[in-house]
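> Can you look at this prediction? I've put the sequence above it.
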Amino acid sequence: MQLYKSQKLKVYNSLSGKKEILEPITEGAIGMYVCGPTVYSNVHLGNCRTFMSFDMIFRYLKHLGYKIRYVRNITDAGHLENDADEGEDKIAKKARLERIEPMEVVQRYTVDFHNILQKFNFLPPSIEPTATGHIIEQIEIIKDIIEKGYAYEINGSVYFNVPKFNETHEYGKLSGRKLEDMIANTRELTAQNEKQSPQDFALWKKAEPQHIMRWPSPWGDGFPGWHLECTAMSTKYLGESFDIHGGGMDLKFPHHECEIAQAEATNGVSPVKYWLHANMLTMNGKKMAKSTGNNILPDEIFSGDNTILSKAFSPAVVRFFMMQAHYTSILDLSNDALLASEKGYLKLMEAMNGIEGLSTSSSSDFDVSTWQQKCYDAMNDDFNTPTLIAHLFEAVKHINALKEGKETITESDKQLLKSTLNAFIFDVLGIENKNESSSGTDKLADLVSLLIQLRKDARDNKDFATSDKIRDQLAALGIQLKDGKDGTTFSVN
RNA sequence: GGCAUUGUGGCCGAGUGGCUAGGCAGAGCUCUGCAAAAGCUUGUACAGCGGUUCGAAUCCGCUCGAUGCCUCCA
């Protein structure tokens, strides 16, 4: 199904500062690159939000029928602690501190990253390349940039010449900065710097003898600069010009700015048509930072093993919570907010579980196809998941009214309602229904049905002591009985 | 200090020149043996101060606050 032909999708392009209709370079196909994690410690929750936003975007583009290649890299080298000459590679530093091989650090935290993403029900990207797997490509690009006069070698390191580039190109166009202002506001660097200009950035860093991560190059042993890997990998897998580049807001400058500079210096063309930036996650109104303790790991939320939240929350609930905010807005995580999302999530899932059992009629009180288009309109407006979710709750109201027999629906509308909800909740938002299809659920259902029957017998005999005991003890186990017009149902919390 | 984003009812969070966001919490009602669940009803929110306009939460200016970047950071 090529839904994209009938659904006009608009995206907010950070480069233009406007919402633009998404028109892929090649019709029906999209190339998307997202800056992945530096695997030097456990992936943190804010990181997850960014990747989740792009997972949702990936899912929606797929849903619209685009043929999409989604590349999300793993940074396993080149990410420096700081920009001074003695700046140390993050991976190498961690390896040194823990006295293990750099690749052990990479392996450990790559596994952690994948593990967490899987819990959050992420779709794997089409390609997940690593920086260390593309050293040759990076060296080739550096050679090319030097040849074109936009980089210089000094003491075995190579730097990008920003002022030179700025003479013929516009450095800072993505982040709204001007080179002159940046020069005027440059802080004093403490160490002597071999860079010609403070704005210049490293393409290749010389490895001192004690450095453990090193590769041979025309400039001697060293390692690549961080900004370069994304240019190398995006160019290799998506071409010199591709459709969407995503990442966190904080990467806009300097990382993405440098990517543009590198690509334009080599290829002469702007590498990306649409720049998409996901906003930050705060906790209790403050930025999440390990240094202040205002930080929580995904697994600590899932297990409840933390001092910040009153209970454990499932990955599905956290995902639902994040989807209730627009990806370009700052989102604040708090105990109250998660509790509210959990209730909303359960309400939504309860409605989903009830659709199949709805009886149908010859007419519908609910205009399902109009509602369906409203859902698409929300998503087409720069992936407005909060508005989409508001529409989903509108459907929940109708489902509940249908359950009570207060409204009617035709069989075809019911099927449309069901398929649309399935598509948006499970396929697009990627929210899992944890009450469904886990092994043992059927037996549990049979068992609870038995207890419901016993309770009904007791109630019919006005033996309320027994009936209440069954109900209350089940409630204590997290199984809630719900008396409706057509008998009793239950839900598991 | 500079650049950028942002400030919505008790909480979270959409929207954007006139028309109900939504979820959670609260109150009342219906249903019920009692509950729960569900349904219905209910909130005159848009940081402050000015300005533009027939009309602004929505546009403009200023003030105050928050967040991000400016050094690695999703």
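Noted; the coordinates are in hand.
> Find the closest residue to RNA strand B in the stretch 201-350 of chain A.
A:G248 (1.3 Å; CB to the nearest atom of the strand). For glycine as for every other residue, the C-beta is placed from the backbone atoms N, C-alpha and C.
> Beta-bridge partners for that residue, please?
A:A278 (DSSP bridges).
> Can you report how many residues neighbour it?
22 (other CB atoms under 10 Å).
> which residues does it contact?
By CB atoms under 8 Å, 6 or more residues apart in numbering, the contact list for A:G248 reads A:35, A:46-47, A:50, A:277-278, A:280.
> Report pLDDT for it.
You'll see A:G248 listed with a pLDDT of 91.
> do the same with A:L276
In this model, A:L276 is scored at 93, pLDDT.
> Would you confirm that A:S175 contacts A:E257?
Yes - the pair A:S175 / A:E257 is scored as a contact, 5.6 Å apart, by CB atoms under 8 Å.
> more neighbours, those two?
Neighbour count, other CB under 10 Å: between A:S175 and A:E257, A:E257 has more, with 21 against 17.
> My assumption is that the more buried one lies in a strand; please confirm.
No - the assignment for A:E257 is helix, going by DSSP: H, G, I helix; E, B strand; the rest coil, so no strand is present there.
> Please report the distance of it from A:L276.
15 Å (CB to CB, to the nearest Å).
> Find the nearest non-adjacent residue to A:D365, please.
A:E407 (4.1 Å; CB to CB, 6 or more residues apart in numbering).
> which ones are touching that neighbour?
Counting by CB under 8 Å, 6+ apart, A:E407 touches A:365-366, A:398, A:401.
> And for A:K311?
Taking CB under 8 Å, 6+ apart as the test, what A:K311 contacts is A:G304.
> Tell me the residues on the stretch 301-450 of chain A that lie near RNA strand B, please.
Contact residues (CB under 7 Å from any atom of the strand) of the stretch 301-450 of chain A with RNA strand B: A:321, A:324-326, A:329-332, A:334, A:336-337, A:339-341, A:343-344, A:347, A:350, A:381-382, A:384, A:386-387, A:389-390, A:393-394, A:396-397, A:400-401, A:403-404, A:406.
> domains for chain A, by residue range?
Chain A breaks down by automatic domain parsing into domains covering A:3-278, A:282-428, A:441-492.
> Would you mind finding the most buried of these?
Looking across the domains of chain A with neighbours counted as mean count of other CB atoms under 10 Å, the highest average goes to domain A:3-278: a mean of 19.
> first to last residue in that domain, what's the distance?
With CA to CA, to the nearest Å as the measure, domain A:3-278 spans 25 Å from end to end.
> which SS class is the closest residue to A:L331 other than its chain neighbours?
Nearest residue to A:L331, sequence neighbours excluded (CB to CB, 6+ apart): A:A325, at 4.2 Å. Assigned by three-state DSSP, the conformation of A:A325 is coil.
> For RNA strand B, give me its nearest residue in the stretch 1-150 of chain A.
A:G46 (2.2 Å).
> Surely that residue touches A:L281?
Yes - applying CB under 8 Å as the test, A:G46 and A:L281 come out as touching, 4.2 Å apart.
> Which of the residues of the stretch 301-450 of chain A next to RNA strand B fall within strands?
Filtering these for membership in strands, criterion DSSP state E, returns A:331-332.
> Thank you kindly, that will do.
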